[in-house]
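# coords please:
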Amino acid sequence: CLATLIIMLVGDTYTLINYVSFINYLCYGVTIMGLIVLRWKKPKIFRPIKVNLLIPITYLAFWAFLLIFSLYSEPIVCGVGLIIILTGVPVFFLGVYWRNKPKCVNRLIESMTCWGQKLCFVVYPQCAGAEEE
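Residues are numbered from 1 along each chain as shown. Predicted structure coming up:
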């Protein structure tokens, strides 16, 4: 979010759309690869929708072509897109991977989460028992 705000203040909207579109297509491809890996490593788990593996493999072939073409034609845009993705790595380590954080860090994360939920109007209603505690 911070990187996006900086890019919006410094650059133009067209550049931001290019960064985000590269990031989206990269994430779509990784998701499809995950689908194939799960079908191969865990074939017996329940799947509400099951498709022929030819469809995701064909998608990945076209995806790889488009991604390589994008990297070749606009390497700077793709590099900035990758940097934007990598800005989430420290957030992951601070918020998820680091299990036994000090209480002050936990309180800070909880207050930031609550603030973000209120800002975006996504606060879920609490049950009556939670309000009484």
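# can I get the one helix or strand A64 maps to in CSV? Just the C-alpha atoms.
Taking DSSP states H and E as the definition, one finds A64 inside helix 54-73. Below are the C-alpha coordinates for helix 54-73, written out as CSV (Å, rounded to 0.1, in the frame of the first residue of the first chain):
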residue,chain,number,x,y,z
LEU,A,54,-4.7,-30.1,-20.1
ILE,A,55,-6.4,-26.8,-19.4
PRO,A,56,-4.1,-25.4,-16.7
ILE,A,57,-1.0,-26.7,-18.6
THR,A,58,-2.1,-24.9,-21.8
TYR,A,59,-2.8,-21.8,-19.7
LEU,A,60,0.7,-22.0,-18.2
ALA,A,61,2.3,-22.3,-21.6
PHE,A,62,0.6,-19.1,-22.8
TRP,A,63,1.3,-17.5,-19.5
ALA,A,64,5.0,-18.3,-19.6
PHE,A,65,5.2,-16.9,-23.2
LEU,A,66,3.5,-13.6,-22.1
LEU,A,67,5.6,-13.3,-19.0
ILE,A,68,8.9,-13.8,-20.9
PHE,A,69,7.7,-11.4,-23.5
SER,A,70,6.9,-8.8,-20.8
LEU,A,71,10.3,-9.3,-19.2
TYR,A,72,12.0,-8.9,-22.5
SER,A,73,10.0,-5.8,-23.7
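# following it, which helix or strand shows up next?
helix 75-86.
# between that next one and helix 54-73, how big is the angle?
Relative orientation of helix 75-86 versus helix 54-73 (axes from the mean of the first three to the mean of the last three CA atoms, to 10 degrees): 120 degrees.
# what's the average pLDDT for the helix or strand that contains C27?
Secondary structure from DSSP H and E places C27 in helix 13-41. Helix 13-41 carries an average pLDDT of 85.
# quick check: angle from it to helix 75-86?
60 degrees.
# work out the gap between helix 13-41 and the centre of the chain.
9 Å (CA atoms, centre = their mean, to the nearest Å).
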